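Novice: turn this into a structure:
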Amino acid sequence: MIRLEPPLRFASEADARELADLVNFAGEGLPLYIWEGLAKDGQDPWEVGRARQTERVREGQIVVVDFGDGAVASLTGYPIGSEPKPIGDDFPALFRPLQELENKALESWYVNVLACYPEYRGQGLGSRLLNLAEQIARDGELRRMSVIVANNNAGARRLYERHGYEEVAALPCVKEGWETYTEHWVLLTKPLSLVDHC
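Specialist: Model (predicted):
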């Protein structure tokens with residue numbers, strides 16, 4: 001089991017508000033668009049987002065950076081199994097290209113969200129969380145990392161490429177009313193040795 005040293009810690013339910021913010025930053029507004037579709041009559045979409053983040057916290061999927069005043073950056077990820085997820089006719093079109101790409105990254109540790117408040121960027125927090133993600137992957141005896149980025153998110157792509165990730169596939173983005181400049185989703189992967197050379 002990975003031990004976390006401050007300022008890293010596992011997220012708690014009290015972080016739900018910041019986590020929803022961070023997820024929406026990382027997803028360039030797509031999460032809020034999804035939460036708006038899930039919100040019941042009169043329900044605040046952000047409430048939906050916070051509830052969904054709380055579920056992930058309970059599953060132990062989220063690590064945050066906290067310098068004492070709450071979460072300022074977060075990492076959410078999970079291992080992808082050895083079998084592709086079926087994509088039936090009823091699979092939501094918006095998510096289809098994302099799932100198709102994820103299905104090309106079997107037996108990897110998938111970086112689902114890596115996010116940082118804008119005022120904390122440039123401090124190496126993304127690199128620190130990515131290094132932790134690799135430790136978690138090695139701990140689970142996985143031999144590669146994976147992430148999906150928007151083609152127009154140059155900053156994220158630079159970060160991953162600096163860490164040894166390379167493009168292996170891309171698919172057109174399905175927008176369905178989501179206002180975005182994203183044209184393609186890009187799958188990046190990185191092979192891992194099981195020995196940590198750091």
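
Novice: what about Val64, neighbour count?
Specialist: By other C-beta atoms under 10 Å, 25 other residues sit near Val64. C-beta coordinates here come from the backbone N, C-alpha and C atoms, glycine included.

Novice: so where's this structure uncertain?
Specialist: 1, 194-198 (pLDDT under 70).

Novice: where do the strands sit along it?
Specialist: Remark: strands assigned in the chain by DSSP state E are 8-10, 62-66, 71-79, 109-116, 144-150, 166-172, 184-191.

Novice: output the second one as CSV, nothing but the C-alphas.
Specialist: I take that to be strand 62-66. Taking C-alpha atoms only, strand 62-66 is exported to CSV below (Å, rounded to 0.1, in the frame of the first residue of the first chain):
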residue,chain,number,x,y,z
ILE,A,62,-8.7,10.2,-5.2
VAL,A,63,-5.4,11.8,-3.9
VAL,A,64,-5.2,15.5,-3.2
VAL,A,65,-2.5,18.1,-2.6
ASP,A,66,-3.3,20.1,0.6
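
Novice: re the thing from before, dump the strands of the chain to a markdown table, plus distance to Leu30.
Specialist: Listed next are those as a markdown table, based on distance: least, C-beta to C-beta, whole Å:
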| stretch | distance to Leu30 |
| --- | --- |
| strand 8-10 | 25 |
| strand 62-66 | 18 |
| strand 71-79 | 14 |
| strand 109-116 | 11 |
| strand 144-150 | 9 |
| strand 166-172 | 15 |
| strand 184-191 | 11 |
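
Novice: count of residues packed around Ser146?
Specialist: Ser146 has 25 neighbours, counted by other C-beta under 10 Å.

Novice: hmm, I was thinking of Ala39
Specialist: Ala39 has 15 neighbouring residues, counting by other C-beta under 10 Å.

Novice: just the one 10 residues further on next, same as before
Specialist: For Gly49, the tally of surrounding residues (other C-beta under 10 Å) stands at 24.

Novice: neighbours of the residue lying closest to it once chain neighbours are set aside, how many?
Specialist: Once flanking residues are discounted, Gly49 sits nearest to Ala20: 3.8 Å by C-beta to C-beta, 6 or more residues apart in numbering. Using other C-beta under 10 Å, Ala20 has 23 other residues around it.

Novice: list the contacts for the residue nearest to Tyr160 when sequence neighbours are not counted?
Specialist: Computed as C-beta to C-beta, 6+ apart, the closest residue to Tyr160 that is not its neighbour in sequence is Leu188, at 5.2 Å. Leu188 sits next to Ser146, Val147, Ile148, Val149, Arg157, Tyr160, Glu161, Tyr165, Glu166, Glu167, Val168 when contact means C-beta atoms under 8 Å, 6 or more residues apart in numbering.

Novice: the last one and Ser108 touch, don't they?
Specialist: Translated: Val168. No. Counting by C-beta atoms under 8 Å, Val168 stays clear of Ser108, with 10.5 Å between them.

Novice: and for those two, which residues touch both?
Specialist: Contact criterion C-beta under 8 Å, 6+ apart; residues shared by Val168 and Ser108: Thr189.

Novice: sweet, I'm off.
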